[in-house]
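# Mind looking at a prediction? Sequence and model below.
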Amino acid sequence: WGVYYLQQLEYRPQAVLCRGQLRTNPDAAYQTVRQNIEAEFGDRFFVMFQESFSGKPFFALVPNPYNKKEAKSEGEPITQPGLAFALFIVTLFTTTMMGATEIAGFPREQLQSDPNLLLQGLPYAVALMAILSTHELGHYLVAIYYKMRTTLPYFIPIPFFLGTFGAFISMRSPVPNRKALFDVAIAGPLAGLIVTIPVLLWGLAHSGVVPLSDGSGILNLESLDPRFSFLLSLLSKLGLGSELTPEMAIKLHPVAVAGYVGLIVTAFNLIPVGQLDGGHIVHAIFGQKTGAAIGQITRILILLLGVVEKDLLLWAIILLLMPVADEPALNDVSELNNWRDLAGLLTLAILVAILLPLPGAIAGLLQ
């Protein structure tokens with residue numbers, strides 16, 4: 001009674017809801033109740049601790065799907081390193097092919113007559129694969145730290161566009177608490193940025209400038225106008241220096257293309273909606289209910305931004321089709337510490353710096 005004063009039991013087809021009054025801090029309550037349940041029932045249940053719509057915390061006992069299979073499934077590898085390595089090699093080939101044809105500009109017929117030209121696509125491919133690999137390894141290593149069952153990063157190769165649709169890991173166990181949810185979510189974008197920023201700066205330093213024209217824009221790699229993004233504008237000025245003037249756009253070096261793609265991928269993943277990394281981050285900071293509300297507002301803002309900047313309209317449509325609510329952690333009540341709150345807000349500030357255009361006053365100072 002001094003931990004959680006149980007007042008009501010509700011029996012549902014897939015859960016037992018235990019409602020009452022919390023008498024101690026959420027961490028201590030969850031640990032005590034979980035130990036008591038496991039002492040009585042073993043691993044028959046997942047013990048979930050959530051907040052109701054009225055803000056009152058309650059426990060739920062949910063059948064553990066791994067319970068009866070544990071003896072068999074524990075020995076079954078879920079990482080499948082052979083599959084992960086094969087997808088990595090195929091994706092390296094498709095990105096190299098796209099780097100040689102779409103970015104270096106060699107026709108496919110010419111590649112067939114001289115396969116050595118394929119090596120011209122390697123700078124783009126290696127840089128992009130390094131960025132995507134680091135992003136997913138960030139998620140993977142932190143998930144392993146929290147003893148969560150997860151697959152290795154799997155790449156998605158495609159023989160067109162960028163050569164890949166990115167990579168993913170698949171979680172095979174629930175997230176234990178909001179701290180773990182936050183750490184796993186933020187690790188990917190931060191790790192990816194650690195590689196993306198130097199790659200982009202190096203690529204920009206080796207890029208050229210061309211006169212700004214009506215065709216210049218976000219998706220024109222031969223004439224990229226960086227002013228649509230505050231952060232990209234600063235990095236472009238650092239990389240190109242006095243060469244970049246208000247009348248000039250950027251002709252991206254293949255490595256700069258990879259860094260630019262990495263920046264865009266980071267921005268999309270940081271959008272605070274649903275199952276995206278940003279959605280996990282706001283859920284972990286503010287709770288599931290508030291996180292879903294932030295996601296709903298964000299979808300509307302991105303839609304409005306897409307009306308102004310047509311190239312972002314596809315993002316807005318994808319976000320509208322995406323569920324706004326994130327899956328709860330087992331202990332979804334215990335809050336984060338101040339350092340994690342600050343880190344999460346700074347990460348969302350990076351998203352804003354990528355998406356919002358360069359203010360005119362700062363543009364003048366950069367000249």
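Looks like it came in fine. Residues are numbered from 1 along each chain as shown.
# where does the stretch 1-150 of the chain dip in pLDDT?
Judged by pLDDT under 70, the stretch 1-150 of the chain has its weakly predicted residues at 67-77.
# All the strands of it, residue numbers only.
Ranges of strands in the stretch 1-150 of the chain, per DSSP state E, counting those that start in this stretch, are 4-12, 15-22, 45-51, 57-63.
# Now render those strands as JSON lines, adding mean neighbour count and distance to residue 190.
(Each C-beta comes from the backbone N, C-alpha and C, glycine too.) Rendered in JSON lines, the data for the strands of the stretch 1-150 of the chain read as follows (neighbours: other Cβ atoms under 10 Å; distance: least, Cβ to Cβ, whole Å):
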{"stretch": "strand 4-12", "mean neighbour count": "12", "distance to residue 190": "36"}
{"stretch": "strand 15-22", "mean neighbour count": "16", "distance to residue 190": "33"}
{"stretch": "strand 45-51", "mean neighbour count": "20", "distance to residue 190": "28"}
{"stretch": "strand 57-63", "mean neighbour count": "19", "distance to residue 190": "30"}
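# Would you check that residue 218 makes contact with residue 228?
Yes. With contact defined as Cβ atoms under 8 Å, residue 218 reaches residue 228; the gap is 5.6 Å.
# any residues in contact with both of the two?
residue 309 (Cβ atoms under 8 Å, 6 or more residues apart in numbering).
# Could you pull up the mean pLDDT of the longest helix anywhere in the chain?
Secondary structure of the chain per DSSP state H: the longest helix is helix 178-205. The average pLDDT within helix 178-205 is 96.
# Let me see the contact set for residue 214.
Contacts of residue 214 by Cβ under 8 Å, 6+ apart: none found.
# and the longest helix of the chain, which residues are buried?
Within helix 178-205, the residues scored as buried using 16 or more other Cβ atoms under 10 Å are 178-193, 195-197, 199-204.
# before we move on, the earlier item: okay if I get the strands of the stretch 1-150 of the chain as JSON lines plus distance to residue 294?
Output for the strands of the stretch 1-150 of the chain, formatted as JSON lines (distance: least, Cβ to Cβ, whole Å):
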{"stretch": "strand 4-12", "distance to residue 294": "28"}
{"stretch": "strand 15-22", "distance to residue 294": "25"}
{"stretch": "strand 45-51", "distance to residue 294": "16"}
{"stretch": "strand 57-63", "distance to residue 294": "21"}
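# So residue 274, which state does it fall into?
Secondary structure, DSSP: H, G, I helix; E, B strand; the rest coil: residue 274 is coil.
# The residue lying closest to residue 193 once chain neighbours are set aside: neighbouring residues, count only.
Taking Cβ to Cβ, 6 or more residues apart in numbering, and ignoring the residues beside it in sequence, residue 193 has residue 266 as its nearest neighbour in space, at 5.8 Å. Residues lying near residue 266 (other Cβ atoms under 10 Å) number 24.
# Neighbours of residue 346, how many?
11.
# what angle sits between the helix or strand where it lies and helix 178-205?
Assessed by DSSP states H and E, residue 346 sits inside helix 338-355. On the basis of axes from the mean of the first three to the mean of the last three Cα atoms, to 10 degrees, helix 338-355 is oriented at 40 degrees to helix 178-205.
# tell me how far helix 338-355 is from the chain's mean position?
13 Å (Cα atoms, centre = their mean, to the nearest Å).
# Can you give me the buried ones in that helix?
Of all the residues in helix 338-355, those buried under the rule 16+ other Cβ under 10 Å are 340, 343, 344, 347, 348, 350, 351, 353, 354, 355.
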